[in-house]
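>>> just the structure for this:
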Amino acid sequence: MTRVFNFSPGPAALPEPVLRRAAEEMLDWHGSGMSVMEMSHRGKEFISIHADAEARLRRLLAVPANYKVLFMQGGAIAENAIVPMNMLRGKASADYVDTGEWSKKSIKEATKYGRVNVAASAADSGYTTIPPRESWRLDPDAAYVHICSNETIGGVQYHFTPDVGNVPLVADMSSDILSRPLDVSKYGLIYGGAQKNIGPAGLTIVIVRDDLIGQALPITPSAFDYKQQADNDSMFNTPPTYAIYIAGLVFEWLEQRGGLAAMEAHNRAKAALIYDVLDTTSFYKAPVARECRSWMNVPFKLPDEKLDAEFLKGAEARGMVQLKGHRSVGGIRASIYNAMPVEGVQALVAYMKEFEASRG
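Numbers count the residues shown, from 1 in each chain. Next up is the predicted model:
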């Protein structure tokens, strides 16, 4: 069997030890005689899987006791609606910071439920940077301030936690959660789809402060009401059981790797390998401002877009797949989440140098 280096932005590569463990346990989980996919979510077997996954996630992120961890469905796209439904809490508006395609989607959806104040936008830069915090026009009466901590398409990432005063900070962390240590207490709510750094598509992680739970809009579906889910330990409806199981295995793998401090060092080193090439050549162009460069998604351009297809074909022949940039921006994009080994990045860097030597 030959495994490729999968640079997909999501669903993304999973750690090989996790996949092997899941394969071993597929037909018979811990002597239960059944697969996790066949278990009742109310049975003692799955309840133990669920509890273990939550406990490991809490340890990894040092989640304070006054925060609930919810395992939900619908992905970050659904949370774009679920967040304002739950977080407006009687207020008329919320502040959003626009740093790219995913921020724009969040803003568009939120306008269905309340007034949105775009407190800052990176549109004028072509979404290649993050507006300086001092330029944000925040409303002290806003229900919350929303950011996207890492823009998967544009490759722009926050390397600071913005101070927004007493207004709760809400963050879509779909593409960089668990990639580095995080002070959860600085956020009112954190959410993210699982399919990049956590596990299979279908699971969404929500971490929300206790005092922000309740007062959902009357139109909120019961399954999307944070209070309903919190009161029922994420089992108001049938949760994505197998995805939670895989997430728990990923959390265990992260702990075995040394936790998030070790993962930050791993991810910094991988990103540096690519950016070092981009910074020492005129052949490739890196659009993102250096202080905002993502450790998770590295977009770059070739000198002529006509070379893109050839570059991608050569990469695939060398066992590297899913390097095509998003259709909205083109070019090349290397997504190097936690599960991407340094060997994959080393192979990509070697190929980039080889391609430049032959076409530069």
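
>>> neighbours of F160, just the number please.
A total of 8 residues lie near F160 under the criterion other CB atoms under 10 Å. To be clear about C-beta, it is placed using only N, CA and C from the backbone, and glycine gets the same treatment.

>>> that one: what secondary structure?
Classification of F160 by DSSP: H, G, I helix; E, B strand; the rest coil places it in coil.

>>> kindly report the same for the one 10 residues further on.
Local secondary structure at V170 is given as strand here, using three-state DSSP.

>>> make sure it is actually in contact with G192.
No. Using CB atoms under 8 Å, V170 makes no contact with G192, being 11.6 Å away.

>>> domain ranges for this protein, per the record?
16-256, 259-359 (automatic domain parsing).

>>> what is the end-to-end distance of the shortest one?
Read it as domain 259-359. 41 Å (CA to CA, to the nearest Å).

>>> what is the mean pLDDT for that domain?
For domain 259-359, the mean per-residue pLDDT is 96.

>>> now stretch 170-181, how far from the chain's geometric center?
5 Å (CA atoms, centre = their mean, to the nearest Å).

>>> for that stretch, which positions count as buried?
170-180 (16 or more other CB atoms under 10 Å).

>>> same check on stretch 61-73?
Applying 16+ other CB under 10 Å to stretch 61-73 flags 61, 63, 67-73 as buried.

>>> could you measure from the spatially closest residue to L212 that is not a sequence neighbour over to Y67?
Distance criterion CB to CB, 6 or more residues apart in numbering; nearest residue to L212, sequence neighbours excluded, is G188 at 5.3 Å. Per CB to CB, to the nearest Å, G188 is found 9 Å from Y67.

>>> which neighbours do those two share?
Common contacts of G188 and Y67 (CB atoms under 8 Å, 6 or more residues apart in numbering): 208-209.

>>> following whichever helix in the chain runs longest, which helix or strand comes up?
In the chain, with assignment by DSSP state H, the single longest helix is helix 259-278. Of the helices and strands lying after helix 259-278 in sequence (DSSP states H and E), the nearest is strand 297-300.

>>> contacts for the next helix or strand after that following strand next, please.
Following strand 297-300 in sequence order, the next helix or strand is helix 308-317 (DSSP H and E). Residues from elsewhere that reach helix 308-317 (CB under 8 Å, 6+ apart): 302, 321, 323-325, 330-332, 348, 351, 355, 359.

>>> return the subset of these lying in strands.
Assignment to strands by DSSP state E places the following of the contacts of helix 308-317 there: 321, 332.

>>> stretch 111-131 - what's its average pLDDT?
So the average pLDDT for stretch 111-131 ends up being 97.

>>> give me the buried positions along that stretch.
Buried, per 16+ other CB under 10 Å, within stretch 111-131: 113-114, 116, 119-122, 125, 127-131.

>>> and which of the residues you listed is nearest R56?
Using CB to CB, I130 comes nearest to R56 of these, at 30.9 Å.

>>> show me what contacts the closest one?
97, 99, 122, 156, 158, 292.

>>> and it, how far is that from Q195?
Separation of I130 from Q195 (CB to CB) stands at 24 Å.

>>> next one: T111
Distance from T111 to Q195, by CB to CB: 26 Å.

>>> what's the answer for N338, then?
In terms of CB to CB, N338 sits 13 Å off from Q195.

>>> swap in D139?
Separation of D139 from Q195 (CB to CB): 33 Å.

>>> now do the helices in this structure.
Here the chain has its helices, by DSSP H, at 16-24, 44-61, 75-87, 101-110, 226-231, 241-256, 259-278, 308-317, 342-359.

>>> redo those as TSV? Include distance to P287.
TSV is the format used below for the helices of the chain (distance: least, CB to CB, whole Å):
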stretch	distance to P287
helix 16-24	32
helix 44-61	31
helix 75-87	23
helix 101-110	14
helix 226-231	37
helix 241-256	31
helix 259-278	10
helix 308-317	15
helix 342-359	16
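
>>> for these, which one sits closest to N297?
Minimum separation from N297 across the helices of the chain (CB to CB) falls at helix 259-278, 9.6 Å.

>>> okay, buried residues for the closest one please.
So for helix 259-278, counting by 16+ other CB under 10 Å, buried means 259-260, 263, 266-267, 270-271, 273-275, 277-278.

>>> go on, stretch 287-300?
Those would be 287-288, 292-300, for stretch 287-300 by 16+ other CB under 10 Å.

>>> so which of the buried residues of stretch 170-181 sit within strands?
Those of the buried residues of stretch 170-181 lying in strands (DSSP E): 170-172.

>>> those residues into CSV, with extra columns for pLDDT and distance to P15?
CSV is the format used below for those (pLDDT from 0 to 100; distance: CB to CB, whole Å):
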residue, pLDDT, distance to P15
V170, 98, 29
A171, 98, 24
D172, 98, 23
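
>>> need those in CSV with distance to F283, can you?
Formatted as CSV, these follow (distance: CB to CB, whole Å):
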residue, distance to F283
V170, 40
A171, 35
D172, 34
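
>>> dump the buried residues of stretch 170-181 into CSV; add distance to D211 as well.
Formatted as CSV, the buried residues of stretch 170-181 follow (distance: CB to CB, whole Å):
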residue, distance to D211
V170, 14
A171, 17
D172, 21
M173, 21
S174, 24
S175, 28
D176, 26
I177, 22
L178, 25
S179, 28
R180, 26
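
>>> related to what we said a few turns ago, closest to V164 among the contacts of helix 308-317?
Ranked by distance to V164 (CB to CB), the contacts of helix 308-317 are led by G325 at 31.9 Å.

>>> so how many other residues sit close to the closest one?
Around G325 there are 21 residues (other CB under 10 Å).

>>> tell me the contacts of it?
The contact partners of G325, taken as CB under 8 Å, 6+ apart, are 299, 308, 331-333.
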